[in-house]
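In: Sequence first, then the predicted structure:
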Amino acid sequence: MKRVPLLSYSYQEICQWWCDEGAKLGPQKRIFSEIIRSKLSLPLKSDSEISDKLLHKINETFEFLPLIAEDIRESKDDRTIKYLFRLSDGTKVESVAVPFHKKYTLCLSSQVGCAMGCKFCFTGTTGLTRHLKKEEILGQYLFVWNHLKDKFGHPSTPNIVFMGQGEPLHNFDVLKESIESFLEFPGLGLGPKQITVSTVGHAPGLKRWQELPPVNLAISLHSPFEKERTQMMPVNKVWSIDSLLEILEGYPWHHRKRINFEYLLLGDHNDSLEHADALADIVSRFPSMVNLIPFNPYPESPFQRPSDERLNAFKLRLVERKIRTMVRTTKGDDILAACGQLANQ
C-alpha cells in the first residue's frame, strides 16, 4: 500500500480520517502539531494516547516527506539565506529567508519556473516546468523554519510572502489549499495578516481573490503605461492595466485592507518623474502603499539599478502626491536571493 504525504491532507481531512478509524478526537491535534514542529516524526514509534492498531494504521497510511535542501547559502552582509530544494521528480525550486528586525519572512515559491516571462526577472528566463503541489509549498516553509530555529533560535513562526519562483495565482487552487493549511494547522498559529500573495496581474486568479482567506495582496505594476508595461511584462498583452484596475475596483477595499503596489525601478527606464505622477494617479484610486524596489542585476541582464538621485526623486514625488511609499532594502543580492534573482543557481 502506497503511503500518502501527510501535508497533502487538510487538517479537517486528518480529523475525518481519524474518526473514520473509530478513534476519539483529541490526541490527533497534539500529534499533528508535534509532527509539524519536528518534535515527532513518521513513522511513529509509540504513543500512550492511541492504540497499537491505530498507530500501525497511521504508519501504514501516511508519510511526512519533508523537503531537503540540496544547497543553503547565507548572505555575507545581512543574514539572508537562500535554499535550493530538489523535488521528488528531480526538478528544483528555491526559497529565501529574509530577516526583518528580529523576525524572518519566508519568500516561498509556487511553481518550478514561471510562465509570465517578465523581462527583468531571472526566473522568467527559465519558463514554466510545472506547478508545485501543496505539500511542496508547505515543505519549503517547514524546512526553513526548523533550520532557522536550529541556527538562530527563532521559535516564532515566520511571515510568508509568495514572491519566490512562479506566479502564485496561476496555481490558484493549490495556493488556496496551502494558505488554508498554513492558517489551520495546529503548531503553526499563523494569521492572515502574516501572509502576502504577490501577482503580476493574473486576471483569472485575481477574479477569484475573494475565495482566499483575507491575506495581503501585492500587485507587481512596474510601469503605469500600457505600451511600456507590455514590453516589460508580456502578460500585459492579455490582461492590461485597465482590465486589472477594473477587477480591483469591484472589490470592497477599505483602510484596513490596502493593496501593496510593487514597483521595480529600472535605471533610466521607468524611473522618471512622469512615471511617478502616472503611478500616483493609479494607486490613489485605492487604499494602498507603493513598495519601490531598486532593480537587482542578474547575469546577462539588460537592465541596471537606478541611481540614488533618481530613486530619491521618484520617492519624493510620490510622497508629495500623498502616496504611502517605502523603498525595499536590497537583501541577499550577493547570493542571487534578492527580488527577481531566483533561477535555481
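Out: Cool, got the structure. The structure displayed is predicted, hence computed values, not measured ones.
In: okay, now residue 276: neighbour count?
Out: 28 (other CB atoms under 10 Å). All C-beta atoms are positioned from the backbone trio N, CA, C, and that covers glycine.
In: In which helix or strand does it reside?
Out: helix 273-283 (DSSP states H and E).
In: Can you point out the buried residues in that helix?
Out: By neighbour count, with 16 or more other CB atoms under 10 Å as the criterion, the buried positions of helix 273-283 are 275-276, 279-280, 282-283.
In: do the same with stretch 252-264
Out: With burial defined by 16+ other CB under 10 Å, the residues of stretch 252-264 counted as buried are 253, 258-264.
In: got the CA coordinates for that stretch in CSV?
Out: What follows is stretch 252-264 as a C-alpha-only set of coordinates in CSV (Å, rounded to 0.1, in the frame of the first residue of the first chain):
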residue,chain,number,x,y,z
PRO,A,252,-14.7,46.3,-1.2
TRP,A,253,-11.3,47.6,-0.2
HIS,A,254,-11.1,49.7,3.0
HIS,A,255,-8.4,51.4,5.0
ARG,A,256,-7.6,48.2,6.9
LYS,A,257,-7.2,46.2,3.7
ARG,A,258,-4.9,48.1,1.4
ILE,A,259,-3.2,46.9,-1.8
ASN,A,260,0.5,46.9,-2.0
PHE,A,261,1.7,48.1,-5.4
GLU,A,262,5.1,46.7,-6.2
TYR,A,263,7.2,49.0,-8.5
LEU,A,264,10.5,47.8,-9.8
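In: Given the following helix or strand past the helix holding residue 276, what are its sheet partners and their directions?
Out: The first helix or strand that comes after helix 273-283 along the chain, using DSSP H and E, is strand 288-294. Here the strand partners of strand 288-294, with direction, are listed using DSSP bridges: strand 259-265 (parallel), strand 325-327 (parallel).
In: ok, back up a step: out of the buried residues of helix 273-283, the closest to residue 47 would be?
Out: residue 283 (53.4 Å; CB to CB).
In: Report the beta-bridge partners for the closest residue to that closest one other than its chain neighbours.
Out: Nearest residue to residue 283 in three dimensions, chain neighbours excluded: residue 261, at 5.0 Å (CB to CB, 6 or more residues apart in numbering). Beta bridges link residue 261 to residue 219, residue 290, judged by DSSP bridges.
In: Residue 261 and residue 24, how far apart?
Out: With distances taken as CB to CB, to the nearest Å, residue 261 is found 50 Å from residue 24.
In: Then residue 208?
Out: Using CB to CB, one gets 38 Å for the distance from residue 208 to residue 24.
In: Who has more neighbours out of those two?
Out: residue 208 (15 against 10).
In: contact partners of whichever strand or helix holds residue 35?
Out: According to DSSP H and E, residue 35 maps onto helix 27-36. When contacts are defined by CB atoms under 8 Å, 6 or more residues apart in numbering, helix 27-36 is touched by residues 6, 11, 14-15, 18, 40-42, 44, 47, 49-50, 64, 142, 185-188.
In: Excluding its own residues, what touches the helix or strand that that helix is followed by? List them.
Out: Reading on from helix 27-36 to the C-terminus, the next helix or strand found by DSSP H and E is helix 52-61. By CB under 8 Å, 6+ apart, the list of residues contacting helix 52-61 from outside reads 1, 3-4, 17, 21, 23, 42-44, 46-47, 50.
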